[in-house]
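S.K.: Return a 3D structure for these sequence lines:
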Amino acid sequence: HRLAAEDAAHRQSELAEVISAHLGVDATTVPVTTESLPLHRYVDADIALDELSALGEGRVIGVTGGDQRWHVSASDLLSASYARFAPGPISYETRAVGPGAERRVVAFGVRLFTFDGHPLAVVQRSSARNVMPPTAQLELFGADPDATGAALDEIRRLMVERSVLRGHVLSFVPTEYGSEAGATFLARPTVDAEEVVLGDGVLQSIVDHVVGIGDHRDALRAAGQHLKRGVLLYGPPGTGKTLTVRHLLSRTAGTTAVVLTGSSVRFVTAAAEIARTFAPALVVLEDIDLVAADRAYSPQPVLFDVLDALDGLESDADIAFVMTTNHVQILEEALAIAKRTLPEDNPLHLTALNNLGGFYSHVGQTDRAEQILRESLAVRERLYGPDSPKLAESLTNLGVLTLQREDEAARRGRSGLMHISQFEAM
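M.R.: Modelled structure (predicted):
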């Protein structure tokens, strides 16, 4: 019995025999490198692998085994311990690549090709059925670990360079389990400035902040200025928030944009990662008051996830955030909770302080705003020292507050629609 068990453990599947012949070594003995992918990047991976396969005289083979193949590792596919996995038909599925456009991608298959003279095998699979959270995977086999690593680096590079996400307007739709089901492509709206009815100069001021800063990104970077910026649009329904957002999307053709509305705001981390990867980018969080304090899908309020995503972006990233809300007081309460509950040495504590100070300054409570911003400055001094460049953020916000006090009309406009240009980390 012992000899039979050992023989079964070392017996290769038919699939392993094909892969071993391609690699020139026993495939069950080589290391496996696994790359997990969010669903919205799976098409990019398929495109990258198609390109590498074409350059490396590659081919794709399918795998038999029914549903079981989705639930075992690549190493187990090569073993005969569970089932006799063998070459079979390639499994395909259709994924969106733009508004009204689709692409057929490999849902489950093994790619055999050479990279820089080294034979490689890649098990490519989209999300496993009935497994949460859904995640796609690439598993790379190669006798030379350095060549395998270099191939993975090239796949990542091509995924960015050839991405179908770049330049589109995207959103995320949750599955019934609350996880993201991949990116949804939205048609970019066409809204002229003449269609947006706001007070004199209000729309142009918003456009200058969201779009104009990006137009001068090179000069601003050279001068050491930050590009990460944001706008909060608030007011009752009918004051022009949604139409203003649509105009901004219309004005930024070719810029990657992610629009999250209501419960979809919980995907802000994925949105920020897309914005970081494909900058210049625009991230829109609509009706954030609906989920600011929501804990349904996270141990912390969604607003904390928003602050965390914003804090993780570099200051010179050409990324603009636009938030909208009908009930600004709910956002105020959520920011106040963040201020109270986050420890002082947590970077998000400072982010919450400056956001809260910016909020108070733009609703006319300038004394309260100054108190909060000076508290932020004091925290920075305690954490980083009085001569740290990190103090510049708080000093800048205090300077802006002084200017706003001198010209309240310019700060608030006349439309009931407010924009907060000094929202920190935005």
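
S.K.: Let me know the helix or strand that the nearest residue in space to residue 353 that is not next to it in sequence is in.
M.R.: Once its chain neighbours are removed from consideration, residue 353 has its nearest residue in residue 376; the separation is 4.0 Å (Cβ to Cβ, 6 or more residues apart in numbering). In this view, the C-beta of every residue, glycine as well, is placed from N, C-alpha and C. Here residue 376 is covered by helix 366-384, with elements defined by DSSP states H and E.

S.K.: helices or strands up against that helix?
M.R.: Using 3 or more Cβ pairs under 8 Å, 6 or more residues apart in numbering; DSSP states H and E as the contact test, the elements touching helix 366-384 are helix 347-362, helix 392-406.

S.K.: of all those, which gets the most neighbours per residue?
M.R.: When neighbours are counted by mean count of other Cβ atoms under 10 Å, the highest per-stretch mean among the helices and strands packed on helix 366-384 falls to helix 347-362, a mean of 25.

S.K.: what's the spacing between that one and its chain's center?
M.R.: When distances are taken as Cα atoms, centre = their mean, to the nearest Å, helix 347-362 is centred 23 Å away from the chain's centroid.

S.K.: Would you state the strands of the stretch 1-150 of the chain in chain order?
M.R.: Listed in chain order, the strands of the stretch 1-150 of the chain (DSSP state E, counting those that start in this stretch) span residues 32-37, 59-63, 87-88, 91-98, 101-115, 118-125, 136-141.

S.K.: right, so of those, which gets closest to residue 238?
M.R.: Ranking the strands of the stretch 1-150 of the chain by their distance to residue 238 (criterion: Cβ to Cβ) puts strand 91-98 first, at 32.3 Å.

S.K.: Dump the helices and strands packed on helix 366-384 to CSV, plus distance to residue 203 and mean pLDDT.
M.R.: Converted to CSV, the helices and strands packed on helix 366-384 look like this (distance: least, Cβ to Cβ, whole Å; pLDDT from 0 to 100):
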stretch, distance to residue 203, mean pLDDT
helix 347-362, 17, 72
helix 392-406, 19, 72
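
S.K.: now these in JSON lines, with distance to residue 233?
M.R.: Compiled in JSON lines, the helices and strands packed on helix 366-384 are given as follows (distance: least, Cβ to Cβ, whole Å):
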{"stretch": "helix 347-362", "distance to residue 233": "11"}
{"stretch": "helix 392-406", "distance to residue 233": "17"}
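
S.K.: And the pLDDT at the residue nearest to residue 353?
M.R.: Model confidence at residue 376, expressed as pLDDT, equals 83.

S.K.: again, but for residue 121
M.R.: In the predicted model, residue 121 carries a pLDDT score of 97.

S.K.: how close does the closest residue to it other than its chain neighbours get to residue 19?
M.R.: For residue 121, the nearest residue in space outside its immediate sequence neighbours is residue 141; the separation is 4.2 Å by Cβ to Cβ, 6+ apart. Residue 141 sits at a distance of 7 Å from residue 19 (criterion: Cβ to Cβ, to the nearest Å).

S.K.: what do you get for residue 346?
M.R.: Between residue 346 and residue 19 the distance, using Cβ to Cβ, works out to 48 Å.

S.K.: Give me the more crowded residue out of the two.
M.R.: Here residue 346 and residue 19 are set side by side on neighbour count (other Cβ atoms under 10 Å), and the busier one is residue 19, at 27 against 16.

S.K.: which residues touch that one?
M.R.: By Cβ atoms under 8 Å, 6 or more residues apart in numbering, the residues touching residue 19 are 27, 78, 110, 112, 121, 141.

S.K.: And for residue 196?
M.R.: Residues in contact with residue 196 (Cβ under 8 Å, 6+ apart) are 203, 240, 243, 244, 247.

S.K.: do the same with residue 214
M.R.: Residues counted as contacts of residue 214 (Cβ under 8 Å, 6+ apart) are 227, 255, 280, 318, 320.

S.K.: Out of those residues, the closest to residue 395 would be?
M.R.: residue 227 (18.7 Å).

S.K.: That closest one contacts residue 213, doesn't it?
M.R.: Yes - between residue 227 and residue 213 a contact is recorded at 6.2 Å, counting by Cβ atoms under 8 Å.

S.K.: list residues touching both of these two?
M.R.: Once Cβ under 8 Å, 6+ apart is applied, the residues that residue 227 and residue 213 both contact turn out to be 220, 318.

S.K.: Report how many residues lie close to residue 67.
M.R.: 9.

S.K.: Please report how far residue 387 lies from residue 381.
M.R.: As for residue 387, its distance to residue 381 is 9 Å (criterion: Cβ to Cβ).

S.K.: neighbour-wise, which of these two wins?
M.R.: Neighbours around residue 387 and residue 381, counted as other Cβ under 10 Å, are more numerous at residue 381. The numbers are 15 against 7.

S.K.: Residue 374 versus the more buried one, what's the distance?
M.R.: The spacing between residue 381 and residue 374, counted by Cβ to Cβ, is 10 Å.

S.K.: hmm, back to that, among the contacts of residue 196, which lie within strands?
M.R.: The strands in this structure, assigned by DSSP state E, contain none of the contacts of residue 196.

S.K.: Could you export these as a markdown table, including pLDDT?
M.R.: Below are these laid out as a markdown table (pLDDT from 0 to 100):
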| residue | pLDDT |
| --- | --- |
| 203 | 90 |
| 240 | 90 |
| 243 | 94 |
| 244 | 94 |
| 247 | 96 |
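
S.K.: on that earlier part again, per-residue pLDDT, the residue nearest to residue 121?
M.R.: 93.

S.K.: Make residue 1 into 2 and carry on from there
M.R.: Fine by me, first position is 2 from now on; the one you just mentioned is residue 142.

S.K.: Please enumerate the shared neighbours of residue 142 and residue 20.
M.R.: When contacts are counted by Cβ under 8 Å, 6+ apart, the set common to residue 142 and residue 20 consists of 28, 122.

S.K.: Secondary structure element for residue 207, which one?
M.R.: helix 203-208.

S.K.: All set now, cheers.
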